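>>> Compute the structure for the input listed below.
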Amino acid sequence: MTTTTMKITTRNRDRLAAIASSELNGASLDSALEMLLFEHESFAALARLSPEQLAEMRAEAETLAETDVEVRG
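Take a look at the predicted model:
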């Protein structure tokens, strides 16, 4: 994997490091950034869903949650 250098403020570097340390079990800054980008992209994708698509996704999630409870039973 290739890497690059980017200029960010010390404040943002420290904020990212705090997230990596406290919320991501000491992950590297690169891993923390990757996770934050994934979350951002996921929320953006959800925002693009139509109400019908969102309802279908929620129904499927409920079905899967119920299945998980039954298996653990």
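
>>> Leaving out the residues flanking it, which one is nearest to Arg13?
Leaving aside its chain neighbours, Arg13 sits nearest to Leu29 (7.4 Å; criterion: C-beta to C-beta, 6 or more residues apart in numbering). Placement of C-beta: from N, CA and C, glycine included.

>>> What's the local residue count around that neighbour?
Counted with other C-beta atoms under 10 Å, residues neighbouring Leu29 total 13.

>>> ok, it touching Ala18?
No: the criterion here is C-beta atoms under 8 Å, and Leu29 misses it with Ala18 at 10.7 Å.

>>> about what we covered before: state the distance from the residue nearest to Arg13 to Ala20.
6 Å (C-beta to C-beta, to the nearest Å).

>>> Check what pLDDT the residue nearest to Arg13 gets.
What the model reports as pLDDT for Leu29 is 96.

>>> State the distance from it to Glu23.
Here Leu29 is placed at a distance of 13 Å from Glu23 (C-beta to C-beta).

>>> Name the single longest helix found in the protein.
Determined from DSSP state H, the single longest helix within the chain is helix 51-72.

>>> Show me the contact partners of that helix.
46, 49 (C-beta atoms under 8 Å, 6 or more residues apart in numbering).
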